[in-house]
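Q: please work out how this folds:
(3 chains)
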Amino acid sequence: MTPGVLLLFAASALVAGIVAGPWSSRTWLGLTLMATTTALAAALAVLLGSADWNWSSTFPVGGEVLHFRLDGVSALFLVLLSVVGGAGAAYAHEYWSDAEYPNSALRGRAWWGGLVLSMAFVLLASNGLHFLIGWELFTVCAFFLITLDRQNREVRRAGWLYLAASHAGTVCLFAFFCTLAARTGSWELGPMREQSGLAPLFWLALAGFSVKAGVFPLHIWLPSAHANAPSHVSAILSGVAIKLGIYGLVRFSGWLPVPPAAGWVVLGLGAVSALFGIVFALAQNDLKRLLAYCSVENVGIILIGLGGALLGAAQGDARWGQLALAGALWHVWNHGAFKSLLFFGAGSVLHATGTREMSRLGGLWRTMPWTAGLFAIGAMAVASLPPLNGFISEWLVYLGLFEAAASRGATAWAALPVTIMLAMAGAVALATFTKAATVVFLGAPRTQAAETAHECGPFMRGTMLLMAAICCGVGLAPLLFWPAISRAMGDWHPAWANAAPPAALPVLGSVHLALAILMLAAGAWLWRKVHANGLRRRLTWDCGYAAPAARMQYSGGSFAGIAAGWFFWLLQPERTSRRPRGAMPGHASRIERIPETVLERVIVPVSNVVMRGSTAVRRLQHGRLQAYILYLVVGLIALGIFVLIGGSP
Amino acid sequence: MNETMNLLIGLAMGLNLLALGSNRLPTVIRAMAVQGMALGLMPLLIEGQLNWRVILVAVATVVGKGIVIPTLLRRAMRAANIDREMEPFIGFVPSLLLGAGGTIAAVGLARLLPLLPEHAGSLLVPGALASVLTGFVLLIGRAKAISQVCGYLILENGIYLFGLLLIHSTPLLVEAGILLDLTVGVFVIGIIVDRIQRAFDSLDTRKLTVLRE
Amino acid sequence: MMAMLEMLLRLALWVLLAPLLPGIINRVKAWVAGRRGPPVLQLYYDLARLWQRGVVLSTLASPGFVVGPAVAWVAVLGAALLLPLGPAGSVFGFPGDVLLMIYLLALARFCTAWAAMETGSAFEGMGAAREVSYAVLTEAAIVAAVLSLSVQTGSVTLVTMLAPGTGAGAVLLAAGLFVVLLAENCRVPFDDPNTHLELTMIHEAMILDHSGPPLAVILHGAALKLLFFAVLLTEAVLPVGRLTSAAAAAVLVGGVLVVTVGVGLVESLLARLAFRRVPLLLTTAFLLCLFALLMAWKGGAA
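A: The predicted structure follows:
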């Protein structure tokens, strides 16, 4: 079965799913899973083989011949899309079911199929025009998926912000593709590294794709969109849609020549996104918003790897560039896996309790043990703790940076601060996910909603188990996945084709395996010893308070308060408090809100100024005929003076 | 020779950071004093032959910057009855990071300047730039008059270090004159600090804005 | 076969020697205070006693409360086994093992913080919050120190990295790593192990509700971490790798003893810092390691 046949089958199954979606959820699920499995098979066939798949149509679509290409890089992203697309569909079948959401579930299924189809179209398109068409289609499908719950005002606002920001990026992409087509003479895309005149176009591509990828400071749409979308949509947006922005950057930095400063800029953007993104995540009290900001951090890590790769490729194909690229590409997969797991877990919590606010949750491990355990695995993976997959890709990026620093080249000056920032980001990520996992799942339930939670159903649990298994699998047997990564690397930079894995990778894999076995064994042994010694259950000691309340536990905001306080200049928290007054105080409250700083402190004031200017200029349009004639006369006189002085009209 | 000089200047740069990070006034005064003493020994290391003039000025600098000026400052501090800097304009961690960043930038900048080959390897220029920056951070960032005076003195140390580059052309008499100026200046500042304390019952220089009309 | 035997020997060395260190520290503190002090082997007796005890669990605690300390212990032991012991090298060193070492310590921190939040007690939450927050700054310091070693030797493998240079860079690195040791092991001036006031605790607060075998595992893990940092500090500053076996063993033991006595003296002579001043001290440690890095950088470039 050639990849072409498989892809055709997948596409038709998806289309059938879109058509059948509104009628039967089960048929839709079956068709979507068939489609995603075949697409996965096609992608793996290309990744594990050595030949790319190319297909051109005979008929033009929109004036250009359809040209599809599946090479290492697109296959890597296609694998991610298939897995998350299929898992998300299974999740949605139970999470956003017809019974609970009669209006939007039907639409959601159709748009999901459309989203997966258009994202695959973007990945396969090898023609600039079709790339843009696919890009626009997937933006629109994502918008409709985000706003499935249209009745909610917050959701609508999130959708509009997403749409506006995405289109700002798409404008840059339009400029990029049109200039590219103009300079090369055709819309066809392919390796064009010899044409050095194309190098400045990289900046346009960077601007356009960075908006979609959610790079700081262009990430303003990400937190609200991912927080307010239904959880399976957040999972595919965070896991895959963002990666399409990364795909664009990877693809066009590989096919086109890049300006020499590109590597430095990408590296710097990555470091800033990584640190600032996770600091924002730490300060959030909305579980899904926290996860959304964490995606900004992980995109930063990917960009650090990509920047290192660009610099390495420019400086004689250094080995450290290869390691950095391997880390970046692997992190695309790893982040897709653990972020989907985390969003599925958050969706399960939301489904069970009806709230995303961490200060209203707590003690959910008792009623939702599966979700708690799997979310804990996801939290450990995102904090890049061994022996899970997050550590593998971050280890590779670190290795690249360390070797770049040790080589004492020009890159070392940049590698040193970036490494330190990455280390700090890692520690803040640990704090963030300790907060997220423990405040939500441990302790005592803080509200009625948390007390009456229930475990999620088999589909939701199954998809979470699948994602957790992927996280553990990649962490414990990394060598198995290396050939796929190296195939993609070879397509990005031919000099790095057929790269041998770093000699340490198999050792790391066996160390991880040994550690995992030892940890499980130690845990089991201690558990049995505790039971053998005798176990009694008592209320938690809290200095003798007579009636401890669940609200007296440490809250998420306090947990993050120390570190978030150090970054007050970035977070700009707004605090409103009503202090207790008098001997018998009435209601008192303290509300702290972390704004989306770049949006509310930079973009909104600038746009207010622009709006005020525009409103002032609007006064020129008042409807009085005499004034309009005056404008004409003034303009003519000015033009005459201009010509008199000697300027050319 | 170069090694000992670099060691002393490295010590001076470390004392800069100590002065930036500490909120206790005696510590800042002592850091400034030790820095002055270390730098006072520098002419002895630079000059090839040690005639009595060089030794005299070195001893005078060490005694003046290390003993006399700090004593005057400590007396003013005791008269004003304060020993801590409470709320500086630039916080302690930011000023520490600023000083460290400035030191690193100074080392980088010094490499770009066209120095004589004998000065190119030593830490003279970076040390001077770093001390000047530290002095400015203290002058701008602290609210208590005594901290600001210590900042001014560290600034002077930095300029003195710069002057050492020209040691072969500047007569030592000029250095001695500067030293005398400093001592008299600090003596006068001691008197003024006492007056400020008596007028406002506090050494917070923010209160001086009252004098603006 | 030989490798397995060697691994077991090292394991035994680390596990059996670790509880000695808190005993030495307490003895030093007692000597400075003019007391006799507890026996040096006190922690061994405590661990044996705790291992036999029953456990009181909070009604809110999940199985993670018991499993967490076990996983943290394995993580710290793993990090310790990665550390080379002088000329004997390490059993499974590989390029990039230093990063695995750092992140295993992070894993231990995660598990300890998880176990702390299990009981829903505000004290433990406070301790966990402080621990993970200060870890942000100590992580920056540790990575700066590791970078300086790496830049100096041009390698990312622990065995080659711990062959330091001399001069001011080593002094700065030693000072920075010593402050990091005090912070990571919750010693004065960051945390007083003898305090009884929960509001002032970091590490002690996190283990307030543990008892019996899990508490024994936690205490042993803390001692293991202290031994780990002491050995790391000694090897980063003294060229242990280049000596003969006997000399290296003597230097290592001597170095660890010096560090332990130093910790004891610092605990006796300094007071605990107010929490709002802790970031300043940690920033100083970071800057010390950063300057060591820059000196290593300049040393190689020159």
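
Q: in chain B, where's the longest helix?
A: helix B:172-200 (DSSP state H).

Q: now for A:W365, how many residues are close by?
A: Neighbourhood size, A:W365 [other Cβ atoms under 10 Å in any protein chain shown]: 25. All C-beta atoms are positioned from the backbone trio N, CA, C, and that covers glycine.

Q: any idea which residue is closest to the centre of chain B?
A: Nearest residue to the geometric centre of chain B (Cα atoms, centre = their mean): B:I154, 1.4 Å.

Q: pLDDT at the residue nearest to that one when sequence neighbours are not counted, what is it?
A: Leaving out its chain neighbours, the residue that sits closest to B:I154 by Cβ to Cβ, 6 or more residues apart in numbering or on different chains is B:G135, at 4.2 Å. Model confidence at B:G135, given as pLDDT, is 92.

Q: ok, now the one 4 residues further on?
A: The model reports B:L139 with a pLDDT of 87.

Q: circling back: name the element the residue nearest to the centre of chain B belongs to?
A: helix B:145-164 (DSSP states H and E).

Q: can you check C:T112 too?
A: helix C:97-117.

Q: please, which helix or strand holds residue 151?
A: In the absence of a named chain, chain A is used. Per DSSP H and E, there is no helix or strand for A:Q151.

Q: actually chain C
A: Going by DSSP H and E, C:V151 is in helix C:122-153.

Q: so which elements touch that helix?
A: helix A:389-406, helix A:412-441, helix A:556-566, helix C:97-117, helix C:158-161, helix C:168-184, helix C:203-206, helix C:278-301 (3 or more Cβ pairs under 8 Å, 6 or more residues apart in numbering or on different chains; DSSP states H and E).

Q: tell me if the second one is near chain C.
A: So that's helix A:412-441. Yes: using Cβ under 8 Å from any Cβ of the partner chain, helix A:412-441 reaches chain C at A:412, A:416, A:419-420, A:423-424, A:426-428, A:430-431, A:433-434, A:437-439.

Q: around A:G113, count how many other residues there are.
A: 26.

Q: show me what the helix holding B:I154 is packed against.
A: Packed next to helix B:145-164, using 3+ Cβ pairs under 8 Å, 6+ apart, are helix B:2-21, helix B:25-40, helix B:42-46, helix B:69-80, helix B:124-141, helix B:172-200.

Q: among those, which is nearest C:G86?
A: Of all the helices and strands packed on helix B:145-164, helix B:2-21 sits nearest to C:G86, with 30.5 Å by Cβ to Cβ.

Q: low pLDDT regions in the chain?
A: Using chain A. Under the criterion pLDDT under 70, the flagged ranges of chain A are A:1, A:546, A:647-649.

Q: chain B, not that one
A: B:1, B:47-49, B:167-173, B:207-213.

Q: spell out which parts of it neighbour chain C.
A: Counting by Cβ under 8 Å from any Cβ, chain B sits next to chain C at B:7, B:10, B:17, B:21, B:92-93, B:96-97, B:100, B:104, B:107.

Q: what's the local residue count around the residue of chain B found nearest chain A?
A: Nearest to chain A in chain B, going by Cβ to the nearest Cβ, is B:V93, at a distance of 8.3 Å. Per other Cβ under 10 Å, the neighbour tally for B:V93 reads 17.

Q: ok but it is inside a strand, no?
A: No: using DSSP: H, G, I helix; E, B strand; the rest coil, the assignment for B:V93 is helix, not a strand.

Q: picking that back up, check contacts around the residue nearest to the centre of chain B.
A: B:16, B:19, B:32, B:35, B:131, B:134-135, B:138 (Cβ atoms under 8 Å, 6 or more residues apart in numbering or on different chains).

Q: nearest to C:V143, out of those residues: which one, please.
A: B:N16 (24.9 Å).

Q: in three-state terms, label A:G623 for me.
A: Once three-state DSSP is applied, A:G623 turns out coil.

Q: burial count for it?
A: Other residues close to A:G623 by other Cβ under 10 Å number 6.

Q: how near is it to chain B?
A: Distance of A:G623 to chain B, computed by Cβ to the nearest Cβ, to the nearest Å: 53 Å.

Q: show me what contacts that residue?
A: Contacts of A:G623 (Cβ under 8 Å, 6+ apart): none.

Q: for it, what are phi and psi?
A: Dihedral pair for A:G623: phi 90, psi 0, per degrees, to the nearest 10.

Q: relative to C:F92, how far out is it?
A: 83 Å (Cβ to Cβ, to the nearest Å).

Q: go on, A:S118?
A: Taking Cβ to Cβ, one finds A:S118 at 47 Å from C:F92.

Q: ok, these two, which is more surrounded?
A: More crowded of A:S118 and C:F92, by other Cβ under 10 Å: A:S118, with 21 against 16.

Q: what comes up buried for the helix or strand hosting the more buried one?
A: Assessed by DSSP H and E, A:S118 sits inside helix A:104-124. Across helix A:104-124, burial judged by 16 or more other Cβ atoms under 10 Å in any protein chain shown covers A:104-124.

Q: and the closest residue in space to A:G270 that isn't next to it in sequence, what does it touch?
A: In this structure, A:G270 finds its nearest non-sequential neighbour in A:L303, 3.0 Å apart by Cβ to Cβ, 6+ apart. By Cβ under 8 Å, 6+ apart, the contact list for A:L303 reads A:213, A:215, A:246, A:249, A:266-267, A:269-270, A:273, A:328.

Q: how about the stretch 501-649 of chain A: which residue is closest to chain C?
A: Counting by Cβ to the nearest Cβ, the stretch 501-649 of chain A gets nearest chain C through A:Y554, at 2.3 Å.

Q: OK, contacts around that residue?
A: A:439, C:117, C:121-122, C:124-126, C:128-129.

Q: which bits of the stretch 151-300 of chain C sit near chain A?
A: So the stretch 151-300 of chain C meets chain A at C:151, C:153-156, C:198, C:208-209, C:212-214, C:217, C:279, C:293, C:297, C:300 (Cβ under 8 Å from any Cβ).

Q: kindly report the same for chain B.
A: Counting by Cβ under 8 Å from any Cβ, no residue of chain B is near chain A.

Q: A:E357 contacts A:D286, correct?
A: Yes: if you go by Cβ atoms under 8 Å, A:E357 and A:D286 touch, sitting 6.2 Å apart.

Q: what is the neighbour count of the nearest residue to C:L82 once chain neighbours are set aside?
A: Closest residue to C:L82 apart from its sequence neighbours, by Cβ to Cβ, 6+ apart: C:M101 at 4.8 Å. Using other Cβ under 10 Å, C:M101 is surrounded by 23 other residues.

Q: so how far is C:M4 from C:M101?
A: 21 Å.

Q: ditto for A:G21
A: A:G21 is 58 Å from C:M4, by Cβ to Cβ.

Q: now do A:A549
A: Relative to C:M4, and taking Cβ to Cβ, A:A549 is found at 54 Å.

Q: same question for A:R487.
A: Distance from A:R487 to C:M4, by Cβ to Cβ: 37 Å.

Q: of the two, which one has the most company?
A: Higher neighbour count among A:R487 and C:M4: A:R487, with 24 against 9, using other Cβ under 10 Å.

Q: got a list of what the more buried one touches?
A: A:47-48, A:50, A:72, A:75-76.

Q: and the angle from the helix or strand containing it to helix A:389-406?
A: When elements are assigned from DSSP H and E, A:R487 belongs to helix A:482-492. Taking axes from the mean of the first three to the mean of the last three Cα atoms, to 10 degrees, helix A:482-492 and helix A:389-406 form an angle of 50 degrees between their directions.

Q: can you give me the buried ones in helix A:482-492?
A: For helix A:482-492, by 16+ other Cβ under 10 Å, it's A:482, A:484-492.

Q: nearest to A:V397, of those residues?
A: Nearest member of those to A:V397, counting by Cβ to Cβ, is A:I485, at 12.8 Å.
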